[in-house]
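1. dropping the sequence and predicted coords here.
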Amino acid sequence: MSSRGDREPSAELGLVDATMIGMGAMIGAGIFVLTGLAAEIAGPAAVLVFVLNGVVTAFTGLSYAELAAAIPKSGGGYAFVRETFDDLASFIMGWMLWFAYMIAGALYALGFAPNFIELLHVYGVTPPPDEIGAVAVPGLDVEIGAGLLLAVVAIAGLVGLNAASTAASGSVETVFTVVKVSILGVFVAFGAFSPAFSSAEFQPLFTGDGAAFGLLPAMGLTFIAFEGYDLITTVTEEVENPRENIPKAIFVSLAATVVVYIAVVTIAVGTLGASGLAAAGEAGIARAATSFMPTGLPVIRNGGALIVFGAVFSTLTALNAVVIASSRVAFSMGREGQLLPSVGRIHYRFGTPFAAVLLSAVVMLGSVVLPTRSAGNMSSLFFLLSFVAVNAATIKLRRERPRMNRPYEVPFYPLPPLLGIGLNLLLTVVLVVYLVRTDPLALGLSVGWIVAGGAAYLGLNRLRRARSVGEEPTPTPREDD
Amino acid sequence: MPALDVVIAGGGRVGFQTAELLADRDDDITIVETDGDRVDEIADAWLATVIHGDATDPAVLDQAGVADADVVAALTGKAGLNLAVCMAAERLASGVRTVARIDRSEADDYSRLVDEAVFPEHAGARVAANRIAGSEIKALADVTGDVEVMEIEVADGAPAAGKELRSVRFPTGTLVISDDDGSRIARPETTLSVGRRYLVAVDPDVVDEVLKLLRG
């Protein structure tokens, strides 16, 4: 009876599904949560910020396409670097990518909370977001901010879901993405015809004394909005005809995402104005929508509620995606012997990478106390660094293994990966300089994580050596019938 | 049990089929193949990194990563070439396990040169003989079409080690057949003990998951 298996293995994904996974991961929280913050730094030039980030990330996208088509592994960026670099370098890469996803998880949870409160507010369930104080925890004599509590609940819920079941991928993701993009489509359509937009002011494009220099830090902060196609390469195993479909899915999802972002940010800046957007912070897009969407509709009553719902939905699904992504990186590292072996094991009952999910959850939950901006900064910083490593892997493999079969080759090599490295490093430096001035907490934690990684690497190596010494003299007993 | 890092020289029918079986077990495979059209065909299957070149060329073997490999298997149709590849690999990376495909059934002489010698035509001939005889008694290797019947020893520290069969959720397409080194049919209360071997029938696409449960 129970010697038979009853868990369903995953189905085949087509080009559309793969594209939707990439778009779904990118068009999640980044656009909803960070547009307001980008407007605060760069003013109306926030539109330009998203366009330029799309261009920068496209170079790395080319590298991903070449590597994913040539190396048949499902571990994403970490797998490629593991294939190319030595033990220490690939460990650092995995360690950084893992952290980037976990912090992104915290960021999405932090974006979910104010949007959810806004949604409740639209329906009059709760007072306006800024009037909600703290919630007293029953039994304990402490008060926790309502937003923080919501963020924790969201993470805990999705972690529980992913720890206990392997369901939900591919086709579900397609439905999610279609819903998200449709809602943004409604937003753009109504926004474009609203009176506020027809009298929109985009001049001066650059405000403040920093002028165009505001662009770079804003790019650094919102870089995470283009994190997502890495996720396509983590499911390659399930994609049909991967050597053609994976590069296509990466390019299509990236291009489509850029188009969606341009439209949405243009409307948001045009209707609410850069300063209004900045004031709304994490709920910027939602606030903009509430300003022009029709009211008095049946069922949903306020049209703006639809967009707020879109923000809640997007942040939740994106959070789900990074819970999966972060645990997959940790799981791969465990299987490669770069984290404790138990992290690389699936649970005997649930069939999920249980330890990897729980371990990732601990860091995510610990990070929700951070300000949204710090979480965005840190996550972007580590994505930038790991993208540098992926571009470097492309170049190193070309030099060391020229005869490797590459079904897709980066055009105009070596220009794109070199540009990818250069531009990502430029943004990294700008972001670090910006952090030194404005967000020493994020910088300190980032350095701390890398130092902790070094310690973990040394500790694990020592543990492994101790184990192999202890095991060798006593061969495992074997019974032969 | 971490995945094996395997370099296969020759992506013809034998090399490719071998790669397919190993890929189902989640091993890391690199195939070296000289023929350009064949390289594209293998790439379409997306189960191995492919190096386009001649495996007797040391530079090509380097690019295939023999230095970090656990096993080098030379599976082309030419026995002499296979032996040359294995011995070159042994020189480039001492201690790597070598497997050579040979062209006759007496493999004893080769044990001085390579770790394992295989004569795949022998297994193929057994299958053909079973089919011709058409009897109800068939060799284990032939009873199954795509289903893999495997004898698996439970590893120390594996997720399912020490657990009762009824508490372990195997993926669909798994059937644990016998317990305790094949002495009786498995029951729900059968315990998966470390070091014991269990006969398991598995669909090819979930072999890796079952191995993860039983081998860690």
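-> That came in fine, so what should we check first?
2. make it CA atoms for all contacts and neighbour counts henceforth
-> Will do.
3. hmm, who's touching the strand or helix carrying residue B:91?
-> Under the criterion of DSSP states H and E, residue B:91 resides in helix B:79-92. Helix B:79-92 is contacted from outside by B:9, B:55-56, B:58, B:61, B:66-67, B:72-76, B:96-103, B:113-114, using C-alpha atoms under 8 Å, 6 or more residues apart in numbering or on different chains.
4. what about the strands in the stretch 51-200 of chain A?
-> Remark: strands assigned in the stretch 51-200 of chain A by DSSP state E, counting those that start in this stretch are A:134-136, A:143-145.
5. least confident of the ones you listed, on average?
-> Of all the strands of the stretch 51-200 of chain A, mean pLDDT reaches its minimum on strand A:134-136 (a mean of 47).
6. picking that back up, would you write a PyMOL line that selects the buried entries of the contacts of helix B:79-92?
-> Filtering the contacts of helix B:79-92 down to the buried ones (16 or more other C-alpha atoms under 10 Å in any protein chain shown) takes a single PyMOL command:
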select buried, chain B and resi 9+55+56+58+61+66+67+72+73+74+75+76+96+97+98+99+100+101+102+103+113+114
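7. just the contacts of helix B:79-92: which are in helices?
-> Counting by DSSP state H, the contacts of helix B:79-92 place B:58, B:61 in helices.
8. can you list the domains in chain B?
-> The record, using automatic domain parsing to delimit domains, assigns chain B the ranges B:5-125, B:144-215.
9. about what we covered before: flag every buried residue along the helix holding residue B:91.
-> When neighbours are counted by 16+ other C-alpha under 10 Å, the buried residues of helix B:79-92 are found to be B:79, B:81-90.
10. point out where the stretch 301-450 of chain A drops to low pLDDT.
-> Using pLDDT under 70 as the threshold, the predicted model of the stretch 301-450 of chain A has low-confidence ranges A:301-303.
11. let's see it at 80
-> Applying pLDDT under 80 to the predicted model, the residue ranges of the stretch 301-450 of chain A that meet it are A:301-304, A:349-352.
12. near chain B, which residues of it?
-> By the criterion of C-alpha under 8 Å from any C-alpha of the partner chain, the positions of the stretch 301-450 of chain A lying close to chain B are A:335-337, A:345-351, A:400-405, A:407.
13. mind redoing it with 6 Å?
-> Within the stretch 301-450 of chain A, the residues that sit near chain B (C-alpha under 6 Å from any C-alpha of the partner chain) are A:345, A:348-349, A:401, A:403-405.
14. can you tell me how far residue B:111 is from residue B:14?
-> For residue B:111, the distance to residue B:14 (C-alpha to C-alpha, to the nearest Å) stands at 21 Å.
15. please pull out the lowest mean pLDDT helix or strand from chain B.
-> Of all the helices and strands that make up chain B, helix B:140-143 has the lowest average by mean pLDDT, DSSP states H and E, namely a mean of 59.
16. lowest mean pLDDT across the domains of chain B, which one is that?
-> Looking at those, the lowest mean pLDDT belongs to domain B:144-215 (a mean of 85).
17. is it positioned near chain A?
-> Yes - contact between domain B:144-215 and chain A, assessed by C-alpha under 6 Å from any C-alpha, occurs at B:159-160, B:166, B:168-176, B:188.
18. neighbour count, distance to residue A:52 and secondary structure added to these, as JSON lines?
-> Putting these into JSON lines (neighbours: other C-alpha atoms under 10 Å in any protein chain shown; distance: C-alpha to C-alpha, whole Å; DSSP: H, G, I helix; E, B strand; the rest coil) gives the following:
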{"residue": "B:159", "neighbour count": "22", "distance to residue A:52": "47", "secondary structure": "coil"}
{"residue": "B:160", "neighbour count": "29", "distance to residue A:52": "50", "secondary structure": "coil"}
{"residue": "B:166", "neighbour count": "17", "distance to residue A:52": "55", "secondary structure": "helix"}
{"residue": "B:168", "neighbour count": "23", "distance to residue A:52": "50", "secondary structure": "coil"}
{"residue": "B:169", "neighbour count": "22", "distance to residue A:52": "48", "secondary structure": "coil"}
{"residue": "B:170", "neighbour count": "27", "distance to residue A:52": "48", "secondary structure": "coil"}
{"residue": "B:171", "neighbour count": "22", "distance to residue A:52": "45", "secondary structure": "strand"}
{"residue": "B:172", "neighbour count": "16", "distance to residue A:52": "47", "secondary structure": "coil"}
{"residue": "B:173", "neighbour count": "20", "distance to residue A:52": "48", "secondary structure": "coil"}
{"residue": "B:174", "neighbour count": "24", "distance to residue A:52": "50", "secondary structure": "strand"}
{"residue": "B:175", "neighbour count": "20", "distance to residue A:52": "54", "secondary structure": "strand"}
{"residue": "B:176", "neighbour count": "24", "distance to residue A:52": "56", "secondary structure": "strand"}
{"residue": "B:188", "neighbour count": "15", "distance to residue A:52": "60", "secondary structure": "coil"}
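19. and those residues, which two are furthest apart?
-> Taking C-alpha to C-alpha as the measure, the residues of domain B:144-215 next to chain A span a maximum distance of 18.7 Å, between B:159 and B:173.
20. measure the closest residue to chain B within the stretch 351-481 of chain A to residue B:51 for me?
-> Taking C-alpha to the nearest C-alpha as the measure, the stretch 351-481 of chain A has residue A:404 as its residue closest to chain B, at 4.2 Å. As defined by C-alpha to C-alpha, residue A:404 lies at a distance of 4 Å from residue B:51.
21. show me which of the two is the more surrounded one.
-> Under the neighbour definition other C-alpha atoms under 10 Å in any protein chain shown, residue A:404 and residue B:51 were set side by side, and residue B:51 has more, 26 against 22.
22. burial count for the nearest residue to residue B:167 once chain neighbours are set aside?
-> In space, not counting the residues next to it along the chain, residue B:167 is nearest to residue A:349; the distance is 6.6 Å by C-alpha to C-alpha, 6 or more residues apart in numbering or on different chains. Here the number of neighbours of residue A:349 (other C-alpha under 10 Å) works out to 18.
23. cool, the one 5 residues further on as well?
-> Counted by other C-alpha under 10 Å, the residues lying close to residue A:354 total 25.
24. contact partners for it?
-> Residue A:354 makes contacts with A:163, A:347, as judged by C-alpha atoms under 6 Å, 6 or more residues apart in numbering or on different chains.
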